[in-house]
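>>> I'd like to go over a predicted model; first the sequence, then the structure.
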Amino acid sequence: MEKILVMAWNGAGKTELEKRYTNNKNIRSIEYKYIYDKERPPEIQKCIKDRAVNPEWPKNFLDAVKANLGKTIVVISFDVRLSELYQMDDFKETIRGSRIIVVCPHEDNFDEYERRYLSRGNSKEFIEDRRKDFPRTLALLGGMRDYEKITLKPGQYLADALRAYGLELDPVQDYAD
């Protein structure tokens with residue numbers, strides 16, 4: 001199988017993609033970077049300021065990406081807070097030989113993402129942090145010249161965009177919302 005890495009911004013539909021289709025793996029960097037209380041929903045914990053950093057970070061994340069590339073479509077978050085990670089030699093080595101597809105939010109579409117964040121239970125702090133990050137995210141994504149790019153249209157989610165782009169996704173049998 002071809003090595004495919006999809007990088008998409010928060011709220012694009014990475015979790016839904018993983019629920020609805022079998023041939024992808026959403027590797028959530030946040031679950032590798034921080035030590036979480038497994039009893040609390042992850043969306044609620046995303047904006048906790050005093051999180052303990054996992055001592056295995058970023059090796060644990062890169063190992064997970066590497067272990068899945070070539071077996072399935074690997075999906076990770078594109079977040080300005082991780083931009084240093086994307087520049088690391090270890091990250092570049094991990095993704096070497098992979099087809100990289102960056103899925104960008106539309107520049108006039110933050111309000112839609114805000115609604116998505118609210119519906120999944122993100123905190124107001126999380127939403128405000130993403131609002132502040134939005135211009136920097138668009139600038140970083142716009143500067144990425146070596147990767148394939150997809151810009152999500154208003155109302156469009158990651159799965160729809162990837163299928164329209166020509167990626168084949170295998171539906172989960174008997175998936176129910």
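In hand now; what should we look at?
>>> number of nearby residues for L140?
17 (other Cβ atoms under 10 Å). Quick note: C-beta positions are derived from backbone N, CA and C, even for glycine.
>>> Read off the pLDDT value for it.
On pLDDT, L140 comes in at 89.
>>> Ok, K71 next?
For K71, the pLDDT comes out at 97.
>>> ditto for K49
71.
>>> Quick check: phi and psi at it.
phi -80, psi -30 (degrees, to the nearest 10).
>>> Quick check: next helix or strand after the lowest-mean-pLDDT helix or strand in the chain?
Within the chain, no helix or strand scores below helix 42-45, which has a mean of 67 by mean pLDDT, DSSP states H and E. Where DSSP states H and E defines the elements, the next helix or strand beyond helix 42-45 is strand 52-53.
>>> can you list contacts of that next one?
Under the criterion Cβ atoms under 8 Å, 6 or more residues apart in numbering, residues 33-35 lie in contact with strand 52-53.
>>> top of those by neighbour count?
Within the contacts of strand 52-53, K33 tops the neighbour count with 19 neighbours, counted by other Cβ under 10 Å.
>>> wait, isn't E16 in contact with L169?
No - between E16 and L169 there is no contact under Cβ atoms under 8 Å: 11.5 Å.
>>> Return every residue with contacts to both of these two.
Here E16 and L169 have A159 as joint contacts, going by Cβ under 8 Å, 6+ apart.
>>> Point out where the protein drops to low pLDDT.
41-47, 177 (pLDDT under 70).
>>> Quick check: the gap between the residue nearest in space to the middle of it and A176.
By Cα atoms, centre = their mean, the chain has its centre lying nearest to S77, at 2.1 Å. Applying Cβ to Cβ, to the nearest Å, the value for S77 to A176 is 26 Å.
>>> Format the CA atom coordinates belonging to whichever helix in the chain runs longest as CSV.
Using DSSP state H, we find that the single longest helix of the chain is helix 124-143. What follows is helix 124-143, C-alpha atoms only, in CSV (Å, rounded to 0.1, in the frame of the first residue of the first chain):
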residue,chain,number,x,y,z
LYS,A,124,-14.5,28.3,25.2
GLU,A,125,-10.8,28.6,25.9
PHE,A,126,-10.1,25.9,23.2
ILE,A,127,-12.3,27.8,20.7
GLU,A,128,-10.6,31.2,21.5
ASP,A,129,-7.2,29.6,21.1
ARG,A,130,-8.2,28.3,17.7
ARG,A,131,-9.6,31.7,16.7
LYS,A,132,-6.3,33.3,17.6
ASP,A,133,-4.4,30.5,15.7
PHE,A,134,-6.5,30.7,12.6
PRO,A,135,-4.5,33.4,10.7
ARG,A,136,-1.2,31.8,11.6
THR,A,137,-2.5,28.4,10.5
LEU,A,138,-3.7,29.7,7.2
ALA,A,139,-0.3,31.4,6.6
LEU,A,140,1.7,28.2,7.5
LEU,A,141,-0.5,26.0,5.3
GLY,A,142,-0.2,28.6,2.5
GLY,A,143,3.6,28.4,2.8
